[in-house]
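Peer 1: Quick one, fold the following:
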Amino acid sequence: MLTIARIAEALQAQAEGDLTLQVRGAAEPGSAQPEDLAIALSPTWAEALGQGRARAAVLWPGADWRALGLQAVIFAPRGRLALGRLTQLLDAPPYPEGIHPSAVVDPTARLGEGVGIGPLTVIGAGAEIGAGTRIGPQVTVAPGSRIGPQGLIHPGVRIQGRVSIGARVIIQPNAVIGGDGFSFVTAEPAQVEVARQSLGKGPVPVLADPSWHRIHSLGGVAIGDDVEIGAGATVDAGTIRPTRIGHGTKIDNLVMVAHNVVVGDHCLLCGQAGIAGSTVLGARVVLGGQAGVGDNLTVGDDVVVTGGSAILSNVPSGRVMMGNPATRMDAQIESYKALRRLPRLLRDVAAGVSKPGRGR
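Peer 2: Okay, here's the model as predicted:
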């Protein structure tokens, strides 16, 4: 149980009313019970408070909490930020401290104080797990890889060799960190190489030997502090140097980060986004869902790429990009408007040409 005063302190927010009142968890206004803290961040949400039994709530600044029948209130100037801090406060560690009997931990692995290792998890030789990190069931950490302190690794995660992970990193189920990059070469220039150089002009060659030869991935992955990686996401190992994920970057479910990619600090990569090999993203870049970035490109700082867009060339810092191929968002919108006007324009032209004396 937590008092309203303790929660307000954690949220860095102002509170009024009975600050000694205790709550156990959070709930939506209509279903909140007396031991719940109702979340009603707008007047529309607050309309449902009468359907529940909450005694305390998180409300917008200036709300008349007494008229809403509450005994205590926490004011949240920025509601979603308050929600983030509140959920962090209420979220208990999902995995206990200690090593489960069914886990396999190599004797040479180095485990910090307070580490938790779940059932059927395998920790390889020479691996290092930082203090306080909790690892769920059926995780594999390859020999020599390192996970920093206070991390949270969920079930089924695969951490391959030559991987270094910073502090307070969260990895959701079934993500794969450090798998081989998709890198192959033919003895002669392949069709894709010729097409790229010629931009599709001329014939596509037929190779005498079409065999693909693997380029092995020796560079591993380097992940900074406070990074989060979503379920089923993949970060491939670099060829010679590491693939890098900067501090504070958040990666959504099913995102693909290819070999040799460099992702800057505090980027946001949304679901099913993909970054092809050897591309560099600057700091604070946002890729919308299913956005794609081609290989060997540079995307500057603070670029925003809308969902479903395809980046096929370098992007300067500070641009908002949209479409396939992506252009500046304002230009893309004007192009789309013009495209929608085309049928009417063609009808007007056809009507004008069919009139006597027109079209000469």
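
Peer 1: Which residues are in contact with the spatially most central residue of the chain?
Peer 2: By Cα atoms, centre = their mean, the mean C-alpha position of the chain lies nearest to Ile251, the distance being 2.0 Å. Applying Cβ atoms under 8 Å, 6 or more residues apart in numbering, we find Ile251 in contact with Val227, Glu228, Ile229, Gly230, Ala233, Val235, Ile245, Val257, Leu269. The way it works is simple: take the backbone N, C-alpha and C, and place the C-beta from them, glycine included.

Peer 1: Near the fourth one, how many other residues are there?
Peer 2: For Gly230, the number of neighbouring residues by other Cβ atoms under 10 Å comes to 20.

Peer 1: That one: what's it in contact with?
Peer 2: Residues near Gly230 by Cβ under 8 Å, 6+ apart: Gln172, Ala175, Ile251, Asp252, Asn253, Leu254, Val255, Gly271.

Peer 1: how about Ile7, what does it touch?
Peer 2: Residues near Ile7 by Cβ under 8 Å, 6+ apart: Ala15, Val23, Leu37, Ile74, Leu86, Leu89.

Peer 1: and it, how far is that from Tyr95?
Peer 2: Here the criterion is Cβ to Cβ, to the nearest Å. By it, Ile7 lies 25 Å from Tyr95.

Peer 1: Out of the contacts of Ile7, list just those in strands.
Peer 2: Ala15, Val23, Leu37, Ile74 (DSSP state E).

Peer 1: how close does the first one sit to Ser309?
Peer 2: Ala15 sits 43 Å away from Ser309, going by Cβ to Cβ.

Peer 1: Of these two, which one has the most company?
Peer 2: Shown here are Ala15 and Ser309; by other Cβ under 10 Å, Ser309 has more neighbours (24 against 21).

Peer 1: And this protein, split by domain according to the record?
Peer 2: 2-90, 184-216 (automatic domain parsing).

Peer 1: Quote the end-to-end distance of the first one.
Peer 2: Just to be clear, that refers to domain 2-90. 9 Å (Cα to Cα, to the nearest Å).

Peer 1: where's it relative to the chain centroid, distance-wise?
Peer 2: Put simply, domain 2-90 sits 28 Å off its chain's centre (Cα atoms, centre = their mean, to the nearest Å).

Peer 1: avg pLDDT for that domain?
Peer 2: Across domain 2-90, the average pLDDT comes to 96.

Peer 1: cool, and stretch 339-348?
Peer 2: The average pLDDT for stretch 339-348 rounds to 89.

Peer 1: What residues of it count as buried?
Peer 2: Across stretch 339-348, burial judged by 16 or more other Cβ atoms under 10 Å covers no residue at all.

Peer 1: i'd like the first residue to be 237 from this point on
Peer 2: Okay, residue one is now 237; in that scheme the one you just asked about reads as stretch 575-584.

Peer 1: Identify the residues contacting it?
Peer 2: With Cβ under 8 Å, 6+ apart, stretch 575-584 has no contacts at all.

Peer 1: Keeping just the C-alphas, turn that stretch into PDB.
Peer 2: Taking C-alpha atoms only, stretch 575-584 is exported to PDB below (Å, rounded to 0.1, in the frame of the first residue of the first chain):
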ATOM      1  CA  LEU A 575      -2.800  13.500 -57.300                       C
ATOM      2  CA  ARG A 576      -6.400  13.500 -55.900                       C
ATOM      3  CA  ARG A 577      -7.200  16.500 -58.100                       C
ATOM      4  CA  LEU A 578      -6.100  14.700 -61.300                       C
ATOM      5  CA  PRO A 579      -9.400  12.900 -62.100                       C
ATOM      6  CA  ARG A 580     -11.300  16.200 -61.900                       C
ATOM      7  CA  LEU A 581      -8.700  18.000 -63.900                       C
ATOM      8  CA  LEU A 582      -8.800  15.300 -66.600                       C
ATOM      9  CA  ARG A 583     -12.600  15.500 -66.700                       C
ATOM     10  CA  ASP A 584     -12.400  19.300 -67.100                       C
END
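
Peer 1: what separates Glu271 from Ala328, distance-wise?
Peer 2: 16 Å.

Peer 1: What of Trp301?
Peer 2: From Trp301 over to Ala328 (counting by Cβ to Cβ), the distance is 28 Å.

Peer 1: Could you check which of those two is surrounded by more residues?
Peer 2: Trp301 (21 against 4).

Peer 1: Quick check: closest non-adjacent residue to the more buried one.
Peer 2: Val309 (3.8 Å; Cβ to Cβ, 6 or more residues apart in numbering).

Peer 1: shouldn't that neighbour be in contact with Gly298?
Peer 2: No - the criterion here is Cβ atoms under 8 Å, and Val309 misses it with Gly298 at 10.7 Å.

Peer 1: Those two - which one has more neighbours?
Peer 2: Val309 (26 against 7).
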